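> my questions concern the predicted model and sequence given below.
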Amino acid sequence: WIKTPRGYAAQAEFTVAIEPRRGGRGYGGTWQREMLVATYPASRSPNATVIERDTLRLPAGKFKLRVGFHDLQADERSEAAESIEIGDWSSVPVGFSDLELGTADSSARFEFQPGRVFGRDVRRLAGRVSVFDRRAGGWPRRYPIALRIRDEANSVLFEEQQSIVAASTGEPLLVRPGRTDLFIGNYSLEVELVEGKSRLKIARSFEVEDSGAPAGAE
C-alpha cells in the first residue's frame, strides 16, 4: 500500500488461465485493478476481501484453473490452482447455475462471503442460488427445494422443505436454513430441487471458526 492524497492505494494484476486436461485450446485473461482505502488500519484488515468477476465461454469438460495475483507495487506474486469440471447442461431443461454463501439480515439483504468462513454470524447463514429453466410457459415459477446442512462426516444435521419463487430464469434467489446454531467445524449447505423425475443438487462447503457453546447431549 502506498500513501496518496486520496488515502492508501495498491495496484494488482490478476491472471486467469483455464487449460483442458487433455490438451487443446486454453482460455483466460489478464487485467489490472487499483484499490483504495481511506485509512491505514483499513489496509491491514484481516477481514478485507477483493472480489473479481469475469465471464468466459467454455465447452463442457475437465480443466485445470490457475489464478495468479501480482502486487505491482511490491512486485510480489501468488498463485492458486484447482481442478474444475464443466458439465454439459444443453439438454437439461431445469437446473442450478450457481450457489453462493453469505449472510442475510432481517430485511433479506444478502452479503456475500467469498472465503466461506463464518464466526458467530453463522446464525445468519444464507445462500444465493440461481435456477435456469428452459421450459416453455409463463413466469413467475415456484420450485420445491430441500435444504440440508451436513457435517464433515457427511451426516445430515438439519433438513427442511421450502419453496422458492423465480420471476425469470437465472434470477438469484435467497435460501435460508431454519437452524444454523453450529459449533466450530467444517460443514456444507446443500440445496436439492425435485422437479418431476429429476433430482438436482448443488452444495458449497463452509467453515465455522468461532461460535457459542455446543448444543445437544454431547
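On my side now, so go ahead.
> need the strands for the chain, in chain order.
For the chain, the strands defined by DSSP state E cover 2-4, 7-20, 27-37, 61-71, 76-86, 94-104, 110-112, 117-118, 125-133, 141-151, 156-166, 172-175, 185-195, 198-208.
> residue 49 is nearest to which of those?
Closest of the strands of the chain to residue 49 is strand 110-112, at 8.9 Å (criterion: C-beta to C-beta). Any C-beta I mention is one placed from the backbone N, CA and C, and that applies to glycine too.
> right, so the strands of the chain: which one is the most enclosed?
strand 125-133 (a mean of 21; mean count of other C-beta atoms under 10 Å).
> elements contacting that one?
When contacts are defined as 3 or more C-beta pairs under 8 Å, 6 or more residues apart in numbering; DSSP states H and E, strand 125-133 packs onto strand 94-104, strand 110-112, strand 156-166, strand 172-175, strand 185-195, strand 198-208.
> how many neighbours does residue 121 have?
Number of residues near residue 121 (other C-beta atoms under 10 Å) recorded here: 14.
> list the contacts for the residue nearest to it when sequence neighbours are not counted?
Once flanking residues are discounted, residue 121 sits nearest to residue 103: 5.3 Å by C-beta to C-beta, 6 or more residues apart in numbering. Neighbour list for residue 103: 110-111, 113, 118, 121, 124-126 [criterion: C-beta atoms under 8 Å, 6 or more residues apart in numbering].
> one more time with 7 Å
Applying C-beta atoms under 7 Å, 6 or more residues apart in numbering to residue 103 gives the contacts 111, 113, 121, 124-126.
> take those residues and lay them out in a markdown table including distance to residue 196 and pLDDT.
Converted to a markdown table, these look like this (distance: C-beta to C-beta, whole Å; pLDDT from 0 to 100):
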| residue | distance to residue 196 | pLDDT |
| --- | --- | --- |
| 111 | 34 | 93 |
| 113 | 33 | 92 |
| 121 | 37 | 92 |
| 124 | 33 | 95 |
| 125 | 29 | 96 |
| 126 | 27 | 97 |
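> closest one of those residues to residue 22?
Distances from residue 22 to the contacts of residue 103, taken as C-beta to C-beta, are shortest for residue 113 (34.6 Å).
> so that closest one sits against residue 100, correct?
No. In this structure, residue 113 is not within contact of residue 100 by C-beta atoms under 7 Å, at 8.3 Å.
> okay, and for the chain, where does confidence drop off?
For the chain, applying pLDDT under 70 flags the ranges 197, 215-218.
> center of it, which residue is that?
residue 100 (3.2 Å; C-alpha atoms, centre = their mean).
> which one is it nearest to, not counting chain neighbours?
Counting by C-beta to C-beta, 6+ apart, the nearest residue to residue 100 once its immediate chain neighbours are dropped is residue 128, at 4.6 Å.
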